[in-house]
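*Asks:* Have a look at this prediction, sequence included:
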Protein chains: 2
Amino acid sequence: MSVVALAGGTGGAKLAHGLQAAVAPGDLTVVVNTGDDTERHGLLVMPDHDAVMYMLAGRFDDERGWGLAGETWAVMDGLAEYGEADWFRLGDRDFATHIARTGRLHEGLDLTSVVRSLQAALGIATPILPMADMPVRTEVRVDEGWLDFQEYFVHRRQGPEVREVRFTGDLTPTSAVADALAAAEVIVIGPSNPIVSIGPILAGPIRGLVAARAVAGIPVVAVSPIVGGAALKGPADRMLLSLGHESSALGVARIYRGVATAFVLDAVDAALEPDIAALGFRTLVTDTVMANHPGRARLARSVLDFAAGTDRIGAL
Amino acid sequence: MSVVALAGGTGGAKLAHGLQAAVAPGDLTVVVNTGDDTERHGLLVMPDHDAVMYMLAGRFDDERGWGLAGETWAVMDGLAEYGEADWFRLGDRDFATHIARTGRLHEGLDLTSVVRSLQAALGIATPILPMADMPVRTEVRVDEGWLDFQEYFVHRRQGPEVREVRFTGDLTPTSAVADALAAAEVIVIGPSNPIVSIGPILAGPIRGLVAARAVAGIPVVAVSPIVGGAALKGPADRMLLSLGHESSALGVARIYRGVATAFVLDAVDAALEPDIAALGFRTLVTDTVMANHPGRARLARSVLDFAAGTDRIGAL
């Protein structure tokens, strides 16, 4: 069964890890947000891609919540000594990823080929595809003006209220993404921030490619990143509110109308299920919190079983 | 007293370190070979500049003979995991140098400004000036053809015999180098390989700038890197022989005819002194082996005292 998962940061990466364990090798493809990507010290850093890559390689630092387990910090300390901004911390082993990637891009290879070569070196059977080969950058407007996403997310620690979000660059999907979606038998929208993690993926032509599959009867299952009104990690809850949405599974479901056909919400939000179903979604109420590795695989199996259900009700 | 030292790798760097200790802060300027520079993993690596920079910062790894003391190797191991060639070993802290330098160059700054900013961050009062801002690359012809210098020097471990040497690129000196030479009261040619370390510096217009100072009566003192017929480090001895020179202080002195006015040779080579003097050089016979830090300062003081001697005999 060909599964395509759309993923942003940690939540989507965790579910992708569970899905990788739940399907046959090669049956999963992950499409990752590139709007978070940034140039640091002349190197291309891809936080969402790398979270998924390290997660699928079993090397993500679950305790810290980002980067690689067992990192050291000599390069960053050296850069700080040279007066380089060091608020965006990158570990030594992680720098190898950014150096190899940037070097291969400078040789003229496209982004998808470059990151596939890195994934293969880490022994990952799952293709992790950038949503686009051309740069896309997420920017958020706060009261003082427009900020680069990482300036807001890391440097300002998500402090300012987000008033508006935009994506600059070229959202044209790659042929690898288009092919994967065309062949998908299940599409999963991971429990990542719907505004700035999944948002950029669905802001361009990919939205139409996913919706076309939904119209063709393929289940498109979104998993809520909001549990009990709050984001498990990150600023999704505050961002939903400041952008005029409801910080709840229902608020997320409303955002995914027209593209998803089914919706997974946490058991603590069971009371919202009728309202979500009323939007036209087939629903699954389950434990969505992936506290550990078995939790990821369990949720992934629940999502796939749910997707395979025959009572498909289009929400389009 | 304004002193300009021309330096390549370790020997020249050691003498520069001694000179820095022997003169007032800011009185020394080092002009370094850039023909050894190379792109590794998309980053500009400058082995001779960095040897001098780390030496003058007191952070050179004297035991290993290259790089920084106390290095770790996580980035290199990571790059090797990604399938990048790892025969050119770079430490983690050293990577910070290459990353900061390459990033600043990409921002459009010239090479001299960029490396000066790195030197300043390490607290070095001595300007270390690249001989040129534009890329120059040393290539050596061996029996199988032309090799990039680092391919010969590091990857092939100086195994093949060198049949010919050439320098490609733009040897135009920077205004900083021209200004330093114009103001120099003493010019020291360090005990680095005369073919591939000092050779590139003197292959372009800098040769004329140095010779003009010699004509003007400024002492230009070359220190032999060959002691007892052998190089203390590196392939200078074999290279001299395979290129038709004599592997001796006399052979080196012949190469510096027309540009240096005075020559320092080791006490073990005292028998060569008459022949070197017969070439027109003023000569100093002394212990030139810098076995430790005090040895560097001692040789530097000897060289400066010798340069200050009034019995100048031009060798031009």
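*Replies:* Sure, I can see it. Numbering: from 1, shown residues only, chains lettered A, B, ... in the order given.
*Asks:* May I ask you to confirm that A:Arg89 is in contact with A:Met76?
*Replies:* Yes. Using C-beta atoms under 8 Å, A:Arg89 is in contact with A:Met76, at 5.8 Å. All C-beta atoms are positioned from the backbone trio N, CA, C, and that covers glycine.
*Asks:* So which of those two has more stuff around it?
*Replies:* Counting neighbours by other C-beta atoms under 10 Å in any protein chain shown for A:Arg89 and for A:Met76 shows that A:Met76 has the greater number, 23 against 15.
*Asks:* of all the residues in the stretch 51-200 of chain A, which ones are close to chain B?
*Replies:* Proximity of the stretch 51-200 of chain A to chain B (C-beta under 8 Å from any C-beta of the partner chain) is limited to residues A:71-72, A:74-79, A:81-84, A:91-97, A:99-100, A:102-104, A:106, A:117-118, A:121-122.
*Asks:* Take those and keep only those in helices.
*Replies:* A:74-79, A:81, A:92-97, A:99-100, A:102-104, A:106, A:117-118, A:121 (DSSP state H).
*Asks:* Give me the buried entries from the residues you listed.
*Replies:* A:74-76, A:78-79, A:81, A:92-97, A:99-100, A:102-104, A:118, A:121 (16 or more other C-beta atoms under 10 Å in any protein chain shown).
*Asks:* May I have the phi/psi pair for A:Gly42?
*Replies:* phi 80, psi 0 (degrees, to the nearest 10).
*Asks:* I'd like the distance between it and A:Thr138.
*Replies:* Distance, A:Gly42 to A:Thr138, by C-beta to C-beta, to the nearest Å: 21 Å.
*Asks:* And the two? Which one has more around it.
*Replies:* Between A:Gly42 and A:Thr138, counted using other C-beta under 10 Å, the more crowded position is A:Thr138 (27 against 20).
*Asks:* I'd assumed the more buried one was in a strand, is it?
*Replies:* Yes. Under DSSP: H, G, I helix; E, B strand; the rest coil, A:Thr138 sits within a strand.
*Asks:* For it, which non-adjacent residue is spatially closest?
*Replies:* A:Gly35 (3.5 Å; C-beta to C-beta, 6 or more residues apart in numbering or on different chains).
*Asks:* Mind pulling up the pLDDT for the one you found?
*Replies:* pLDDT, A:Gly35: 97.
*Asks:* And for A:Asp311?
*Replies:* The confidence metric pLDDT takes the value 47 at A:Asp311.
*Asks:* repeat for A:Leu316
*Replies:* 44.
*Asks:* Give the phi and psi angles for A:Leu129, as a check.
*Replies:* phi -100, psi 130.
*Asks:* Can you get me a residue count around it?
*Replies:* Neighbour tally, A:Leu129, other C-beta under 10 Å: 27.
*Asks:* and what of A:Arg137?
*Replies:* Neighbour count of A:Arg137, defined by other C-beta under 10 Å: 18.
*Asks:* Check the gap between whatever residue of the stretch 101-250 of chain A ends up closest to chain B and B:Val45 for me.
*Replies:* With C-beta to the nearest C-beta, the shortest gap between the stretch 101-250 of chain A and chain B falls at A:Gly103, namely 3.2 Å. A:Gly103 sits 12 Å away from B:Val45, going by C-beta to C-beta.
*Asks:* can you check A:Asp27 too?
*Replies:* 43 Å.
*Asks:* ok, these two, which is more surrounded?
*Replies:* Ranked by neighbour count (other C-beta under 10 Å), A:Asp27 and B:Val45 place B:Val45 first, with 21 against 17.
*Asks:* so what's that one bridging to?
*Replies:* B:Thr38 (DSSP bridges).
*Asks:* Okay, strands next: where are they in chain A?
*Replies:* Secondary structure of chain A (DSSP state E): strands at A:3-7, A:28-32, A:38-40, A:43-45, A:128-130, A:136-142, A:145-148, A:164-169, A:186-189, A:220-223, A:226-227, A:230-231, A:262-266, A:282-286.
*Asks:* and A:Ser247, how many neighbours does it have?
*Replies:* Per other C-beta under 10 Å, the neighbour tally for A:Ser247 reads 19.
*Asks:* So for stretch A:168-177, mean pLDDT?
*Replies:* Mean predicted lDDT for stretch A:168-177 stands at 97.
*Asks:* can you pull the contacts of the residue nearest to A:Thr138?
*Replies:* Neighbouring residues of A:Gly35 by C-beta atoms under 8 Å, 6 or more residues apart in numbering or on different chains: A:136-138, A:149, A:167, A:196, A:199-200.
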